[in-house]
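> need the 3D shape of this:
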Amino acid sequence: MSVRKKCVDTIRVLSAEAIQRANSGHPGICLGAAPIGFEVYADFLNFSYKNPHWDNRDRFVLSAGHGSMLLYSLLHMFGFGLTKEDLMNFRQLGSMTPGHPEYGKTAGIETSTGPLGQGIANAVGLAVAEEHLAALFNKPGYPVVDHFTYVMCGDGCLEEGMSYEACSFAGTQKLGKLILLYDKNNITIEGDTDTNFTESVATRFAGMGWQVIRVPDANDLVILKLAIERAKSDLTRPSVIICQSKIGFGSPLENSADSHGAPLGEENVNKLKENLGWKEEPFEVPANVKEYCAKLAEQKLEAENAWNELFASYERAFPELAEKYKNFMQGYSPDYSEIFDLFGFDKPEATRASGGKILNELVKYIPNLMSGSADLAPSTKTELKGKGFFSPENRAGANIRFGVREHAMAAICNGIQLHGGLRILCSTFFSFSDYMKGGLRMSALMNIPVMYVFTHDSIGVGEDGPTHQPMEHLISLRAIPGIKVFRPCDGKETVAAYISALTQDSPTALILSRQNLTQYRNSGIKAIAGGYILEDCDGTPDVILIGSGSEMELCVGAKEILSAEGIKARVVSMASMEEFEKQTPEYKEFVLPKSVKARVCVEAASHFAWYKYSGDCGEVIAMQSFGTSAPAKVLFEHFGFTKENVAEKAKLSINNVKKAN
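Below is the predicted model:
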């Protein structure tokens, strides 16, 4: 048996053993796709096991993340630091080998995968970032950004609609350094794909502008190598390599859905080893395999060494450009307090319009910023003026036209952010954030600072009607751990929201209005705290009026009505609940003293988020139904969003307190 075949079998056995020990996992893909993974790592992937974050490494994404043990076995064999004990600890609490690959936990993992299709879109984003950075920094003879992105998927990834969106975008953009390895085993959890997935994948990809390459037997390492070489030789378009494999290869459950999502069973693991001629102790890598992989891993260090020499020469030839490259990779941290003073807002203006002005000022200080939209930049106001559009003809363009592809857009942006060297923002109407939820959730789970701009934030959309009027969307985003949701009330709060987004390593959703909003004298940088006193009264207030966004005007108007009646009101802008909850208990008590139980919370969205601030005696004015089609002003009055109603609810809350006492 050749050592290379032994390497493939090692992946199979280690994977099957780990899954069996955990009594949980997906052995089928690990057994069937092992030769694909090995061929990529052994003969093509440029990496440095000593420096897994080396800038110019090739990227490998396992979109079919349920096959994580395949990837962990490869990382173990090629020296990335995963030990035998880590493999034995597969899927256990605190393990370096969780059930699906997790970014930031294990060296060599480029992105968290598992939700099918997300990884493909992440890989598209990685390829976009490579092309953009190469256009900005490469010079003749100095290809300082020059690497490939490989992604492995299965049938399930290609059944998910977002993979079509992502691959259609990739074909349109002619991302020639993107190579998709499709592990085609014709089996999903419910059985043969003949029952639900009979389209010609080759025709589909050819129609999207991809190079299509077929490998009739995934076990043939020679043909696999030739296929990848062919893919790499055509940089005018992305490539898909359709690899016909057998799920559960070598085990008694070969070609059976029973091998997909459950351990093989001790008896079948033993039979697998027998069929492969395996003699090693459990979790042991054969000596010749260990030596072979270690030799390959050492040879691969030469690529990093050569790149380091290239970059040193590049620094001498282009010192300013080299310094800019390093700044891109390290990230920009300008003095945002000075930037804040650049803006003045004195007339009513939609926060989407304010956001566009702010964004185009900020990009002067953050030149590595890219901005994309799902065919809505003229409405969301997120185009970076004068920065061009990313395209096959202009890779240096900083604006991305994603087309009407919200599902994939968020995940592609995750890939751009994960690549390193760039900051990314994307935008659409808020009601369409539902289409992006998978990517939004992965941004939060990976704790990466993708910025999401969602405009047309409420029933203020007006005549477009309930399909375009977000209602439950704010509470939906607020329910995701780790994402900041900002709904600013004016231009200065919008500046604060952007500054918050750019100074923390977490995703941020900026929820901006279509309609013009009042500019407030007392708003501003204080909004970074999430919640603050926008307008106050003398002494202890009788009631606190709390809101966000456009509804702050109602709170301020109600304060005036109440003041005329001798009722003291404090107005609190709750621009971001997440940021307010991070503040000290002392600060939160200062803004919302527990002794003031009369409160009114106002937001033209779902009411569910507000009860923690309204308390037992408070009132909530919010949406409890979908909207309807009518002019915005009519809708606000129809649903009770008036300053008069806020004032009446304030008096009702004061009475509630009296009754409770």
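> what does the model give Asp76 for pLDDT?
Wrong residue type there; residue 76 is His, not Asp. Note on His76: pLDDT of 98.
> out of the helices and strands in the protein, which is least certain?
Sorting the helices and strands of the chain by mean pLDDT, DSSP states H and E puts helix 336-340 at the bottom, at a mean of 82.
> now Gly277: how far from Ser73?
Separation of Gly277 from Ser73 (CB to CB, to the nearest Å): 18 Å. (Each C-beta comes from the backbone N, C-alpha and C, glycine too.)
> higher neighbour count, those two?
Remark: of Gly277 and Ser73, Ser73 carries more neighbours, 28 against 9, as counted by other CB atoms under 10 Å.
> check contacts around the more buried one.
Contacts for Ser73 (CB atoms under 8 Å, 6 or more residues apart in numbering) come out as Thr10, Ile11, Leu14, Ser15, Ala18, Cys30, Ala34, Leu87.
> if you set the cut-off to 7 Å instead, what comes out?
Ile11, Leu14, Ser15 (CB atoms under 7 Å, 6 or more residues apart in numbering).
> helix or strand for it, which one?
Counting by DSSP states H and E, the element that carries Ser73 is helix 68-77.
> mind checking what helix or strand follows that helix in sequence?
Counting by DSSP H and E, the next helix or strand C-terminal to helix 68-77 is helix 84-88.
> show me what that following helix is packed up against.
helix 3-22 (3 or more CB pairs under 7 Å, 6 or more residues apart in numbering; DSSP states H and E).
> what angle sits between the helix it packs on and helix 68-77?
Per axes from the mean of the first three to the mean of the last three CA atoms, to 10 degrees, the angle that helix 3-22 makes with helix 68-77 is 120 degrees.
> tell me what angle the following helix or strand past helix 3-22 forms with helix 3-22.
For helix 3-22, the following helix or strand on the C-terminal side (DSSP H and E) is helix 27-43. On the basis of the same axes, to 10 degrees, helix 27-43 is oriented at 140 degrees to helix 3-22.
> oh, and call the first residue 42 from now on, that's how I've got it
Sure, I'll start counting at 42 from here, so that last one is helix 68-84.
> so who does the residue lying closest to Pro257 once chain neighbours are set aside touch?
Distances taken as CB to CB, 6 or more residues apart in numbering place Gln285 nearest to Pro257, at 5.4 Å, with adjacent residues excluded. Shown in contact with Gln285 (CB under 7 Å, 6+ apart): Lys225, Val256, Pro257, Asp258, Ala259.
> again, only this time at 8 Å
Going by CB under 8 Å, 6+ apart, Gln285 touches Lys225, Asn226, Arg255, Val256, Pro257, Asp258, Ala259.
> rewinding a little: nearest to Ala247, of the contacts of Ser114?
For the contacts of Ser114, the minimum distance to Ala247 (CB to CB) is 31.1 Å, reached by Ile52.
> separation between the closest one and Val330?
Counting by CB to CB - Ile52 and Val330 are separated by 10 Å.
> got the contact list for Pro433?
Contact analysis of Pro433 by CB under 8 Å, 6+ apart lists Gln214, Lys215.
> wait, a strand at it?
No: Pro433 sits outside any strand when classified using DSSP: H, G, I helix; E, B strand; the rest coil, being coil.
> per-residue confidence for it?
Looking at Pro433, its pLDDT stands at 98.
> can you list phi and psi of it for me?
Dihedral pair for Pro433: phi -60, psi -30, per degrees, to the nearest 10.
> and what of Val281?
The phi/psi pair for Val281 (degrees, to the nearest 10) is phi -120, psi 130.
> neighbours of it, how many?
By other CB under 10 Å, 28 other residues sit near Val281.
> quick one, what contacts it?
Val281 neighbours (CB under 8 Å, 6+ apart): Cys208, Ile220, Leu221, Tyr223, Val242, Ala243, Phe246, Trp251, Gln252, Val253, Ile254.
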